[in-house]
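Engineer: take this sequence and fold it.
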Amino acid sequence: MYAIEPSTILLLAVQIFAIMDPLAAIPTLLDVISSLSEAEIKRCVNRAALAIFILLNIFTAAGGYILMLFGISMSSFKMAAGAILMATAIDTLITGHKPAKIEIGTYIIVPIATPLIVGPGTMTLLITSARLYGILNTLIAAYIAFAFTYLVLRTARGFARLAGETFIHGLGRFMSIIIASFAIEMITSGVREYIESLGIK
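Structural biologist: Numbers count the residues shown, from 1 in each chain. Just a heads-up that it's a prediction; the model follows:
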């Protein structure tokens, strides 16, 4: 049983928010909502937020069982998760946006909620964190990250108008560096644990 650790929760919330990176989804979101009324925008964002919330709960609560079902060790999963996070970070750093495109009018849940926000990187981070820090700590951290993500999505139009598209893309690239750092930590931790499991000193 894992005790609630505020410091761990805060750090994990920052990590989850960074990999969800809703700021990088703003340009895509604006394409979808550009012709909608304020009421329609609110409904679309709420629909996407509900999908994000459900996905966060599923992968946090069931992630450990998924690993056990397939007989995957934590060290192996850490290395694979780190590789995925690194790939996501590199793609974002090069292109300036998350990997995925959407045409105006496409259903908002599929590209916005997933895979733009809750993509492979977010899923792997949730599963790994639930095993390392416990489901409760991870859920609380995920809810904090979700609250800020929802705030970003609801204020996307005003934020983009205030900050400008150049700033948003620049911030997205900065977040990719943070994600890459998480990836390196995860990979090195997985390699170290795997070597220890082999009894190599």
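Engineer: thought residue 16 was touching residue 124?
Structural biologist: No: counting by C-beta atoms under 8 Å, residue 16 sits too far from residue 124 to count as a contact (11.4 Å). Backbone N, C-alpha and C define where each C-beta goes, glycine included.
Engineer: quick one: low-confidence parts of this protein?
Structural biologist: In the prediction, the chain carries residues with pLDDT under 70 at positions 1, 31, 92, 95-108, 110-111, 115, 165, 168-169, 171-172, 201.
Engineer: again, 90 this time
Structural biologist: Low-confidence segments of the chain, defined by pLDDT under 90, are located at 1-3, 15, 18-45, 47-48, 63-125, 127-128, 131-132, 156-187, 189-190, 192-201.
Engineer: can you show me the helices along it?
Structural biologist: For the chain, the helices defined by DSSP state H occupy 6-20, 22-33, 38-70, 74-95, 120-133, 135-154, 156-163, 165-197.
Engineer: any residues touching stretch 55-69, and which ones?
Structural biologist: Under the contact criterion C-beta atoms under 8 Å, 6 or more residues apart in numbering, stretch 55-69 has outside partners 74, 77, 113-114, 118, 122-123, 126-131, 135, 138-139, 142-143, 146.
Engineer: list the buried ones in that stretch?
Structural biologist: Within stretch 55-69, the residues that count as buried by 16 or more other C-beta atoms under 10 Å are 55-57, 59-60, 63-64, 67.
Engineer: can you tell me how far residue 10 is from residue 51?
Structural biologist: According to C-beta to C-beta, to the nearest Å, residue 10 and residue 51 sit 25 Å apart.
Engineer: next: residue 163.
Structural biologist: 26 Å.
Engineer: between the two, which one's more packed in?
Structural biologist: residue 51 (18 against 14; other C-beta atoms under 10 Å).
Engineer: burial count for the closest residue in space to the more buried one that isn't next to it in sequence?
Structural biologist: Spatial nearest neighbour of residue 51, chain neighbours left out: residue 113 (3.7 Å); criterion: C-beta to C-beta, 6 or more residues apart in numbering. Using other C-beta under 10 Å, residue 113 has 23 neighbouring residues.
Engineer: my read is that residue 113 contacts residue 48, right?
Structural biologist: Yes: applying C-beta under 8 Å as the test, residue 113 and residue 48 come out as touching, 4.5 Å apart.
Engineer: and the residue sitting nearest the centre point of the chain, how far from residue 36?
Structural biologist: Residue closest to the mean C-alpha point of the chain, counted by C-alpha atoms, centre = their mean, is residue 20 at 2.6 Å. Relative to residue 36, residue 20 is positioned 23 Å away (C-beta to C-beta).
Engineer: same question, residue 109
Structural biologist: As for residue 109, its distance to residue 36 is 15 Å (criterion: C-beta to C-beta).
Engineer: show me what contacts the residue lying closest to residue 5 once chain neighbours are set aside?
Structural biologist: The shortest distance from residue 5 to any non-neighbouring residue, by C-beta to C-beta, 6+ apart, is to residue 137 (6.0 Å). Residue 137 makes contact with 2, 4-5, 8-9, 12, 129, according to C-beta under 8 Å, 6+ apart.
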